[in-house]
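Enquirer: I'll drop the sequence and a predicted model, then ask my questions.
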Amino acid sequence: METTTTETAHEGWLTVGKVAKVLLWVVYAWLIVNLIILLLAFVLQLFGASPTASFVEWVYRSASRTMAPFRGMFEPVPLSGQSVLDTSLLFAMIIYGLAALALRAAIDWLTRLITRPSAPAYRPDRQPPPPRPTAPGAV
């Protein structure tokens with residue numbers, strides 16, 4: 001079967017679209033993992049978890065990498081004892097959540113673009129449909 005340049009170009013765009021979709025999924029998964037880590041850090045700080053516990057230490061260390069662009073934006077609010085309301089952490093969760101929503105919309109858009117049925121190819125051997133009859137007296 002002979003392929004035309006249009007079909008080859010369409011297949012090339014499908015490949016690019018699929019690669020872009022996979023990359024978006026990877027970034028989306030990374031954002032979701034970071035959101036979970038930020039949520040854990042927020043809850044642990046809010047409940048005043050001991051930073052010497054190995055799990056808490058790991059969560060705080062992981063969250064500090066994700067929090068780098070947002071660190072120091074807002075002052076943490078001490079509630080009682082070791083309990084802290086870290087508003088910078090809360091703000092980072094909102095921004096990462098919005099980024100995840102935007103990426104999810106991009107994934108959905110790209111999926112629709114890739115899976116959309118292509119227009120039927122032009123075939124010169126097919127005759128165009130006959131013209132519609134006009135109403136009597138119409139110009």
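Expert: Arrived safely. Numbering: from 1, shown residues only.
Enquirer: Would you check how far apart the residue lying closest to Arg104 once chain neighbours are set aside and Gly97 are?
Expert: In this structure, Arg104 finds its nearest non-sequential neighbour in Tyr28, 6.4 Å apart by CB to CB, 6 or more residues apart in numbering. Placement of C-beta: from N, CA and C, glycine included. From Tyr28 across to Gly97, the span is 12 Å (CB to CB, to the nearest Å).
Enquirer: Those two - which one has more neighbours?
Expert: Taking other CB atoms under 10 Å, Tyr28 and Gly97 do not tie; Tyr28 has more neighbours (18 against 15).
Enquirer: Pretty sure that one sits against Ala100.
Expert: Yes. Look at Tyr28 against Ala100 with CB atoms under 8 Å: they come within range, at 6.3 Å.
Enquirer: Please name the residues that touch Thr134.
Expert: Not one residue lies near Thr134 by CB atoms under 8 Å, 6 or more residues apart in numbering.
Enquirer: err, Leu85, not the other one
Expert: So Leu85 contacts Gln45, Leu46, Pro76, Val77, Pro78, Leu79 (CB under 8 Å, 6+ apart).
Enquirer: how about 6 Å then?
Expert: Residues near Leu85 by CB atoms under 6 Å, 6 or more residues apart in numbering: Val77, Leu79.
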